[in-house]
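Visitor: give me the fold of what follows.
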Amino acid sequence: MEIILTMILILAFSRLMGEVFERGRLPAVIGEMAVGILLGPMILGWISPDMPGLRTLVDIGLFFLVFSAGLEFSLTHIRKSSRKALPISFMGNNIAFFAGIYMAIFLGYSVEVGIFIGASFSLTALPVALRVLTDMGKERTRFGRMVVTSAVYDDLFSMFLLGIVFSIASAETSLSVLTFVDITLRILLFLGIVYLVSRAFRWKYGLVARYVKHYIRKFRSKEGEFAIIVLFGMALAILAEALHISFIIGAFYGGVLIGERVVGERVYRKVRNTFSAITYGFFAPIFFVYTGINFYINPSENAAAVLMLSALFILVAIVGKTVGAYTGARLSEIPHKSSLGLGIALNSRGLMGLIIATYGLELGIIDVTVFSYLAIVTLSTTLISPIVLSRYIKKHGNDIDKLKI
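Guide: Numbering: from 1, shown residues only. Predicted coordinates for the structure are as follows:
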C-alpha cells in the first residue's frame, strides 16, 4: 500500500509541476526533477530512494524510456550527411570524453569514475536539438540534416563508451588492457548480432520483414502487436545483460531495429504512440522524480566550493563538446559559422544524460555527489543549449546553411 500512495504522490506532484514549467516554456522534466528534490532527503524527506518496489519501477521505466528513444531513431534521411557527420561526432565525443577524464583525475577521482564522467559529457540529446531546429524552420535544411546526423552518430559512439563503463561495473574488475580488450570484444559481439538481425530483416528484399508483418496482422488480440514488440526489445536487453554490457544498451538497439520496414507503418505508428503514452504518461515522471530524489548536496559542504565544482563540471562539458564538434566540422571543410552552430546544437545532454547518471548511481560507479554534479550539467546544458542555438540561428540563419553535404 505504501508504494501505491508514493506513486500517487509522485504522479500528482510531477504532473502539476510539469504543467507549470511547460507553461513557462521550460522542459517539464525540470519540474519533475524539482518534485523529487522537494520530496526526497534533500528537503522534506518524504520519499527515500531505497523504498521497496521503487527501484523495480524505475528499472522498468528505464527500459521503456530507452526503447522509446530507439523507436524514434531513423537513418532513412541522413545517409547523405554521414561522410562529414562522422568526423564531427568522432571529435566531439572524444574531446568531451577525454576532457571529462582529465577533469575527474585532476579532482582526485578514479579512472573508472573519470571514464563514466567523460562518457556522460560526450552525450548529445537529439530531441532537444531537433525541437529547436523545428521551431526555427531549420530541420530540413542542410544545417539541420547535419545536426541530426551528427547527433545520431554521437549517440552511437556514446553507447559504445557507456557499454565499456557498464561492463567494468558489472564485472567488478579494475581497468586494464586485458579487461578493455575483453569488454571491447563483448561489445563488438553484441553489435555484430544487432547487425546480423538488421541484415536478416533486409534479406532478399525484406523477405523476413514481410513474414513478420504478415503474421503480426493475424493477431486477433489488439495487445498482441504491442506484446511481440516489447518481447523483442526485452530479448535484446537480456542479450546485452548476458554479455555483461547493460540492458539499456540492448533496449536502445531493440527499439532501433523495430521500425516501419519490419512491422509495417500501421503497427509501427500504433505501437510507438502506445509506448509514448505509457512511457511519458507514467514511467517518465516516476523516473525523473526518482532522479531528483537521489539529488543530494551535503548542506555541511562549503557553498562556494559546491558552486565552483558545479561551474567546473558545466564549463568542461560545454567547452569539450563545442571545441570537439567545431574541430570535426572544420576538418570536414565546413565553414566557421556553421561549425560553431553545430558545436552549440550538439551540446544538450537531455534525457539520456539523466538516464545514464541515474544508472551509474545504481550500479555504484559514482556516488551521490558526482551524480548531483552530472545532473546539474544535464539540466544546465538542456536549458542553455536551446536558448543559445535559437539566438545563433536568428543571427546567422542564412550563413549556417552555406555548407556542402
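
Visitor: phi, psi for residue 347 please.
Guide: The phi and psi values for residue 347, taken as degrees, to the nearest 10, are phi -90, psi -10.

Visitor: and it, how far from residue 113?
Guide: 22 Å (Cβ to Cβ, to the nearest Å). In short, each C-beta sits where N, CA and C put it, glycine included.

Visitor: do the same with residue 380
Guide: The value you get for residue 380 to residue 113, if Cβ to Cβ is used, is 20 Å.

Visitor: more crowded one of these two?
Guide: Neighbour count, other Cβ atoms under 10 Å: between residue 380 and residue 113, residue 113 has more, with 21 against 18.

Visitor: helix or strand: which one has the more buried one?
Guide: In the assignment (DSSP states H and E), residue 113 maps to helix 111-121.

Visitor: for residue 225, same thing?
Guide: helix 224-242.

Visitor: ok, now residue 309?
Guide: Assigned by DSSP H and E, residue 309 falls in helix 303-331.

Visitor: which other helices and strands does that helix contact?
Guide: helix 82-106, helix 111-121, helix 336-345, helix 368-400 (3 or more Cβ pairs under 8 Å, 6 or more residues apart in numbering; DSSP states H and E).

Visitor: neighbours around residue 387, how many?
Guide: For residue 387, using other Cβ under 10 Å, the count is 10.

Visitor: apologies, that question was intended for residue 154.
Guide: 27.

Visitor: can you pull the contacts of it?
Guide: 89, 92, 93, 122, 123, 124, 126, 346 (Cβ atoms under 8 Å, 6 or more residues apart in numbering).

Visitor: residues contacting residue 54?
Guide: The neighbourhood of residue 54, defined by Cβ under 8 Å, 6+ apart, consists of 3, 6, 47, 290.

Visitor: buried subset of the residues you listed?
Guide: Buried subset of the contacts of residue 54 (neighbour count, 16 or more other Cβ atoms under 10 Å): 6, 47, 290.

Visitor: so what's the closest residue to the second one other than its chain neighbours up against?
Guide: Right, the one you point to is residue 47. Once flanking residues are discounted, residue 47 sits nearest to residue 39: 4.8 Å by Cβ to Cβ, 6 or more residues apart in numbering. Residues in contact with residue 39 (Cβ under 8 Å, 6+ apart) are 9, 10, 13, 46, 47, 289, 292, 293.

Visitor: separation between the residue lying closest to residue 270 once chain neighbours are set aside and residue 280?
Guide: Once flanking residues are discounted, residue 270 sits nearest to residue 225: 6.9 Å by Cβ to Cβ, 6+ apart. Going from residue 225 to residue 280 by Cβ to Cβ gives 20 Å.

Visitor: least trustworthy helix or strand in this structure by mean pLDDT?
Guide: Here the helix or strand of the chain ranked lowest by mean pLDDT, DSSP states H and E is helix 260-263, holding a mean of 59.

Visitor: whichever helix or strand comes after that helix vs helix 224-242, what angle?
Guide: Using DSSP H and E, the helix or strand that follows helix 260-263 in sequence is helix 265-278. Calculated by axes from the mean of the first three to the mean of the last three Cα atoms, to 10 degrees, helix 265-278 forms an angle of 70 degrees with helix 224-242.

Visitor: buried residues of helix 265-278, list them for me.
Guide: In helix 265-278, counting by 16+ other Cβ under 10 Å, buried: 267, 268, 271, 272, 274, 275.

Visitor: now those as JSON lines including distance to residue 366 and pLDDT?
Guide: As requested, the buried residues of helix 265-278 are exported to JSON lines (distance: Cβ to Cβ, whole Å; pLDDT from 0 to 100):
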{"residue": "267", "distance to residue 366": "39", "pLDDT": "69"}
{"residue": "268", "distance to residue 366": "36", "pLDDT": "71"}
{"residue": "271", "distance to residue 366": "34", "pLDDT": "74"}
{"residue": "272", "distance to residue 366": "33", "pLDDT": "77"}
{"residue": "274", "distance to residue 366": "34", "pLDDT": "80"}
{"residue": "275", "distance to residue 366": "29", "pLDDT": "79"}
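
Visitor: tell me the one of these nearest residue 178?
Guide: The closest of these to residue 178 turns out to be residue 275 (Cβ to Cβ; 39.8 Å).

Visitor: what sits closest to that closest one if chain neighbours are left out?
Guide: Closest to residue 275 by Cβ to Cβ, 6+ apart is residue 68, at 5.0 Å.

Visitor: what residues are up against that neighbour?
Guide: 255, 272, 275, 276, 279, 280.

Visitor: again, 7 Å this time
Guide: Contacts of residue 68 were listed using Cβ atoms under 7 Å, 6 or more residues apart in numbering, and they are 255, 275, 276, 279.

Visitor: go on, residue 330?
Guide: residue 339.

Visitor: neighbours of residue 107, how many?
Guide: Other residues close to residue 107 by other Cβ under 10 Å number 15.

Visitor: please report the distance of the spatially closest residue to residue 43 that is not a sequence neighbour from residue 117.
Guide: With Cβ to Cβ, 6+ apart as the criterion, residue 43 has its nearest non-adjacent residue at 6.4 Å, and that residue is residue 37. According to Cβ to Cβ, residue 37 stands 21 Å off from residue 117.

Visitor: which one's more surrounded, the two?
Guide: For the pair residue 37 and residue 117, the greater number of neighbours falls to residue 117 (32 against 21), based on other Cβ under 10 Å.

Visitor: show the model's pLDDT score for the closest residue to the more buried one other than its chain neighbours.
Guide: Spatial nearest neighbour of residue 117, chain neighbours left out: residue 100 (4.2 Å); criterion: Cβ to Cβ, 6+ apart. At residue 100, the pLDDT value in this model is 92.

Visitor: quick one: residue 100 and residue 116 touch, right?
Guide: No. Assessed by Cβ atoms under 7 Å, residue 100 is found out of contact with residue 116, at 8.4 Å.

Visitor: so the two - more neighbours on which side?
Guide: Neighbour comparison, residue 100 and residue 116: the larger count goes to residue 116, with 31 against 27 (by other Cβ under 10 Å).
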